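**Student:** predicted structure and sequence below. I'll ask about it afterward.
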Amino acid sequence: GNHMGGARSMSSSPRSSVSLSSSLPRRPKTLAPRNLSGDVVSENDNQVLDLITKAGLKVEIFSEGVFMFGDKKVPISFKNNNALVRVGGGYMPLNKFLQQYIINSSSSSGYASMYAKDTEPKKPFSSNAS
């Protein structure tokens with residue numbers, strides 16, 4: 001009688017699955033995304049980053065609450081579920097800032113020249129944006 005059931009003993013042995021999961025909680029820090037300063041990204045920064053990414057922009061987190069739009073450092077704080085961009089002496093809602101940023105950055109990258117080529121006058125953006 002040969003009851004060295006190799007396959008069966010492996011599947012019933014809980015050791016393999018335990019050793020896997022027990023090694024996970026030990027290193028959550030390495031899984032956490034880090035900003036350019038090498039700090040672990042905070043929950044707030046993650047949510048701000050998510051909003052910016054959803055708007056189709058690629059940014060990097062410079063440090064806690066500071067985001068790199070290209071080579072421009074933009075301080076963004078997250079208060080009461082609102083992402084606020086520090087502009088001059090005050091704050092601007094993130095979505096408003098992103099709209100302006102997208103308009104500004106796209107016009108410099110030749111996006112606007114596509115419209116300029118078109119001789120037919122297009123409906124101005126301002127009329128339907130407001």
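**Tutor:** Received, thanks. Residues are numbered from 1 along each chain as shown.
**Student:** contacts only, for the closest residue in space to A55 that isn't next to it in sequence.
**Tutor:** What sits nearest to A55 in space, not counting adjacent residues and going by Cβ to Cβ, 6 or more residues apart in numbering, is L98, at 4.7 Å. Using the backbone N, CA and C atoms, a C-beta is placed for each residue, glycine as well. The neighbours of L98, taking Cβ atoms under 8 Å, 6 or more residues apart in numbering as the test, are 51-52, 55, 57.
**Student:** direction included, what does the longest strand seen in the chain pair up with?
**Tutor:** Criterion DSSP state E: the longest strand present in the chain is strand 72-79. Here strand 72-79 is paired, per DSSP bridges, with strand 66-69 (antiparallel), strand 82-87 (antiparallel).
**Student:** which of those sits most buried?
**Tutor:** For the strands paired with strand 72-79, average neighbour numbers computed from mean count of other Cβ atoms under 10 Å are highest in strand 66-69, which has a mean of 19.
**Student:** average pLDDT across the helix or strand that contains D50?
**Tutor:** Counting by DSSP states H and E, the element that carries D50 is helix 43-54. The pLDDT scores in helix 43-54 average 92.
**Student:** low-confidence stretches in the protein?
**Tutor:** By pLDDT under 70, the low-scoring segments of the chain are 2-31, 106-130.
**Student:** export the strands paired with strand 72-79 to CSV and tack on distance to Q47?
**Tutor:** CSV is the format used below for those (distance: least, Cβ to Cβ, whole Å):
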stretch, distance to Q47
strand 66-69, 12
strand 82-87, 7
